[in-house]
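Peer 1: fold the following and give me the result.
(one chain, ligands or ions: 1)
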Amino acid sequence: MDEILGRVLRDAVWERLNMLSELAERADAPSLVSVARSELPRLTEGWRSMLREHEPDDRGDCPTCSTRWRRQKAPCSVWRAAHEHLVAGGLAPQQGRHVLSGAAARSRTVASAT
Ligand SMILES: [Zn+2]
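Peer 2: Reported below is the predicted structural model:
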């Protein structure tokens, strides 16, 4: 049952992300502004909440990614992903990276989902 619930939960999150990607590609400007105002604060708060759990402890390890037997030095993969997507990636306007075209974004989504 846990496995089924986990699958339902993951599918719902993938669906939501796909819906937001679709909106970003296809919605008209007023709809985009409306979605951005409602969704950007939710996304940023989601990142903050997740990153708080991965703040390094006083030994410089991630308390969430570390186990009793294996310590994970900060920055852990969650912080590296945050930097990649929020600072080095598409959300940083001056970095000059290309926004994926529709087909590339969809194939990337499919690749990520598997
Ligand atoms: Zn971590």
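
Peer 1: phi, psi of the closest residue to Thr64 other than its chain neighbours?
Peer 2: Leaving aside its chain neighbours, Thr64 sits nearest to Glu53 (4.8 Å; criterion: CB to CB, 6 or more residues apart in numbering). Any C-beta I mention is one placed from the backbone N, CA and C, and that applies to glycine too. Here is the backbone geometry of Glu53 (degrees, to the nearest 10): phi -70, psi -10.

Peer 1: do the same with Cys65
Peer 2: Dihedral pair for Cys65: phi -90, psi -20, per degrees, to the nearest 10.

Peer 1: hmm, it is touching Val78, no?
Peer 2: Yes - with contact defined as CB atoms under 8 Å, Cys65 counts as touching Val78 (7.2 Å).

Peer 1: what do those two both touch?
Peer 2: Counting by CB atoms under 8 Å, 6 or more residues apart in numbering, the residues touching both Cys65 and Val78 are His54.
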